[in-house]
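[1] Structure here, sequence nowhere to be found:
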């Protein structure tokens, strides 16, 4: 359905591109309406706070417990970012190795797929046992969750160079190094950023899940603690901060993409 | 390496000597396909030769063999007295593809600079790249990106990119095949102008009889199944050639002659031809 949509759409008249018709005020208005509705429902039906707190109560908790929540946010942000960097760096390096040495691809790719199939929730306790309750297992899981999508997309990107362009580099007798850095790498950037945008949100997910298993600090720790203590507003404050963190990382990645990929970026299937 | 093993005695001004060349592929079904058999061809230095023929006659294969992009299964190729691989490594070969094959993340100038960069001559290369762009009439589009250009403009950039290293042999694989009639004849004129100035040796693959007559000193007619040379036709039309020539009697006679040659070969090769 999603792929057919744009094809079935009637041609747009000139000058009415979707960008010019955008109404940026619609999203904030929708959010305000939603929050007001939420507040009204909770108060009108007398829903207990441990089930669903009002938005104002969540806001109060955010303000009153800001100093401890900030520590939790920092911890989760640190784990997410280090995991993001590590997972993507390994994935990019491996993709390059795969392209340069077919034998590495043939031997390591199945292992990578196998790792992918193991549920993160299942490995998290094992990694906590292995690496302790500090930052290490959280970083490891955040890295693991970002690793595979980036590996797949980066591999696709590095091999997306037109066959004629590859023939041209052969006619010019360009070095392997030149082909990798000046041809394959730039060609891969739209694919890489597609993966990095996924990784920007999934690394936070990985860190939070890892914190459930065993932690003394972090937004995942806050969420688990608040749930057990029936502290609804703290639970929602933790969830809100985790979402905000993921959104911020996604925004930063999109910003970097717009700065770096300035040329036409049409990925197959877009 | 004084004498390259690809040499075959004195070249007598020949840029390219092909002897008994054959290339057979094994298809996915395991069948042997003769893409080319027994091809003999000599191209003089500074000559403009077109290869014309139906799909599957091995025109592109011949070009790729000469450029050392693929290896022959029979016969020999001599490019400027060397093996194709040596000529390629000496950067004496320029190749222009049907698709412009530009790097989409680079502007026109950046694309033309690319071969100089590969050759380690980036320093001072900007001026030469700019010159090459001016030669193809794109001097003011140096900062335009491929996605901002028309198909014809992109192909002109790719011609500038091939010319910037001043290759002795220029191999063109249906460079204007994907363009509309008007753009095509415009670029034909541009190519003759540029060629009359540079006088490099050109081997030009095309499907268009008119284009072949307009551009060439000689036309090699090829047939399919197996890919082979059927006939060579010298085009004794005066140069410089201009647009007016296309309507002249001599020009039309060449077109008629070639059409006859081609369709004979075509019907022989494919009795249920789709033409």
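    It's in. What you see is a predicted model; the values in this text were computed from it and never measured.
[2] Within the helices and strands, which one has residue B:232?
    Element membership of residue B:232 [criterion: DSSP states H and E] is strand B:228-234.
[3] can you list contacts of that strand?
    B:36-41, B:53, B:57-58, B:217-223, B:254, B:257-258, B:261, B:265 (Cβ atoms under 8 Å, 6 or more residues apart in numbering or on different chains). For every residue, glycine as well, the C-beta is placed using N, CA and C.
[4] separation between residue B:100 and chain A?
    8 Å (Cβ to the nearest Cβ, to the nearest Å).
[5] isn't there a helix covering that residue?
    No. Assignment of residue B:100 by DSSP: H, G, I helix; E, B strand; the rest coil gives coil, placing it outside any helix.
[6] What about it, how many residues nearby?
    The tally of other residues near residue B:100 (other Cβ atoms under 10 Å in any protein chain shown) stands at 24.
[7] these two touch, right, it and residue B:155?
    Yes. Counting by Cβ atoms under 8 Å, residue B:155 is a contact partner of residue B:100 at 5.0 Å.
[8] Enumerate every residue touching residue 176.
    Using chain A here. By Cβ under 8 Å, 6+ apart, the contact set of residue A:176 is residue A:100.
[9] hmm, I had chain B in mind actually
    Counted by Cβ under 8 Å, 6+ apart, residue B:176 has contacts B:155, B:183, B:184, B:187, B:188, B:206, B:208, B:211.
[10] Could you pull out the strands in the chain for me?
    All of this refers to chain A. Assigned strands in chain A: none (criterion: DSSP state E).
[11] The chain in question should be chain B.
    B:14-26, B:32-44, B:48-52, B:74-79, B:93-96, B:169-173, B:201-206, B:218-223, B:228-234.
[12] Mind giving me the packing neighbours of the fourth one?
    If I follow you right, that is strand B:74-79. strand B:14-26, strand B:32-44, helix B:59-66, helix B:84-89 (3 or more Cβ pairs under 8 Å, 6 or more residues apart in numbering or on different chains; DSSP states H and E).
[13] tell me the angle of it relative to strand B:32-44?
    For strand B:74-79 against strand B:32-44, the angle by axes from the mean of the first three to the mean of the last three Cα atoms, to 10 degrees is 30 degrees.
[14] got the contact list for strand B:74-79?
    Residues contacting strand B:74-79 (Cβ under 8 Å, 6+ apart): B:6-8, B:11, B:14-23, B:37-39, B:65-66, B:83-84, B:86-87, B:92-93, B:169.
[15] re the thing from before, as a markdown table, the strands of chain B with distance to residue A:219 would be great.
    Shown next, in a markdown table, are the strands of chain B (distance: least, Cβ to Cβ, whole Å):
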| stretch | distance to residue A:219 |
| --- | --- |
| strand B:14-26 | 60 |
| strand B:32-44 | 63 |
| strand B:48-52 | 68 |
| strand B:74-79 | 67 |
| strand B:93-96 | 57 |
| strand B:169-173 | 58 |
| strand B:201-206 | 63 |
| strand B:218-223 | 70 |
| strand B:228-234 | 73 |
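[16] Any chance of those strands in JSON lines with mean pLDDT as columns?
    As requested, those are exported to JSON lines (pLDDT from 0 to 100):
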{"stretch": "strand B:14-26", "mean pLDDT": "93"}
{"stretch": "strand B:32-44", "mean pLDDT": "92"}
{"stretch": "strand B:48-52", "mean pLDDT": "96"}
{"stretch": "strand B:74-79", "mean pLDDT": "94"}
{"stretch": "strand B:93-96", "mean pLDDT": "95"}
{"stretch": "strand B:169-173", "mean pLDDT": "96"}
{"stretch": "strand B:201-206", "mean pLDDT": "96"}
{"stretch": "strand B:218-223", "mean pLDDT": "94"}
{"stretch": "strand B:228-234", "mean pLDDT": "93"}
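[17] Export those strands to TSV and append columns for mean neighbour count.
    As requested, the strands of chain B are exported to TSV (neighbours: other Cβ atoms under 10 Å in any protein chain shown):
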stretch	mean neighbour count
strand B:14-26	18
strand B:32-44	18
strand B:48-52	25
strand B:74-79	20
strand B:93-96	26
strand B:169-173	24
strand B:201-206	24
strand B:218-223	22
strand B:228-234	17
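[18] Of the ones you listed, which is nearest residue B:138?
    strand B:93-96 (15.0 Å; Cβ to Cβ).
[19] So that closest one, near chain A or not?
    Yes. Counting by Cβ under 8 Å from any Cβ of the partner chain, chain A is contacted by strand B:93-96 at B:93, B:94, B:95.
[20] which among those gets closest to chain A?
    The shortest approach to chain A among the residues of strand B:93-96 next to chain A belongs to residue B:95, at 4.5 Å (Cβ to the nearest Cβ).
[21] need the contact list for the residue lying closest to the closest one once chain neighbours are set aside.
    Once flanking residues are discounted, residue B:95 sits nearest to residue A:171: 4.5 Å by Cβ to Cβ, 6 or more residues apart in numbering or on different chains. Each residue near residue A:171 by Cβ under 8 Å, 6+ apart is listed here: B:67, B:69, B:88, B:93, B:94, B:95.
[22] how many neighbours does the closest residue to residue A:155 other than its chain neighbours have?
    Take residue A:155 and drop its neighbours on the chain: the residue closest to it by Cβ to Cβ, 6+ apart is residue A:95, 4.6 Å away. With neighbours defined by other Cβ under 10 Å, the count for residue A:95 comes to 26.
[23] Ok, residue A:262 next?
    So residue A:262, with other Cβ under 10 Å, has 11 neighbours.
[24] Can you tell me how far the residue nearest to residue B:95 is from residue B:83?
    Distance, residue A:171 to residue B:83, by Cβ to Cβ, to the nearest Å: 15 Å.
[25] Around chain A, which positions in the stretch 101-250 of chain B sit nearby?
    Residues of the stretch 101-250 of chain B lying near chain A (Cβ under 8 Å from any Cβ): B:101, B:103-106, B:114-115, B:117-119, B:145-147, B:165.
[26] give me that answer again for 10 Å
    Residues of the stretch 101-250 of chain B lying near chain A by Cβ under 10 Å from any Cβ of the partner chain: B:101-107, B:114-120, B:145-148, B:158, B:161-162, B:165, B:167, B:171, B:173.
[27] What pLDDT is listed against residue 242?
    As the question left the chain open, I've gone with chain A. In the predicted model, residue A:242 carries a pLDDT score of 96.
[28] switch to chain B, that's the one I care about
    Reported pLDDT for residue B:242: 87.
[29] Chain neighbours aside, what residue packs nearest to it?
    In space, residue B:242 is closest to residue B:189, 7.5 Å off (Cβ to Cβ, 6+ apart).
[30] where's the one you found relative to chain A, distance?
    From residue B:189 to chain A the distance is 25 Å (Cβ to the nearest Cβ).
[31] Tell me where the longest helix sits in chain B.
    Longest helix in chain B by number of residues (criterion: DSSP state H): helix B:249-269.
[32] Against which helices or strands is it packed?
    The contact analysis (3 or more Cβ pairs under 10 Å, 6 or more residues apart in numbering or on different chains; DSSP states H and E) places helix B:249-269 against strand B:48-52, helix B:209-215, strand B:218-223, strand B:228-234.
[33] right, is the shortest one up against chain A?
    Translated: strand B:48-52. No. Judged by Cβ under 10 Å from any Cβ, strand B:48-52 and chain A are separated, with a smallest distance of 17.8 Å.
[34] same check, this time on stretch B:15-32
    No. Using Cβ under 10 Å from any Cβ, we find that stretch B:15-32 stays clear of chain A, coming within 15.4 Å at best.
[35] Might you quantify the distance of that stretch from its chain's geometric centre?
    Chain-centre distance of stretch B:15-32: 19 Å, with Cα atoms, centre = their mean, to the nearest Å.
[36] now stretch A:180-188
    24 Å.
[37] average pLDDT across it?
    95.
[38] Kindly report the same for stretch B:135-144.
    What stretch B:135-144 shows for mean pLDDT is 93.
[39] Any chance you could list what contacts that stretch?
    For stretch B:135-144, the surrounding residues in contact (Cβ atoms under 10 Å, 6 or more residues apart in numbering or on different chains) are B:107-112, B:126, B:129-134, B:148-149, B:153-161, B:163-164, B:186-187, B:190-191, B:193-194, B:197-198.
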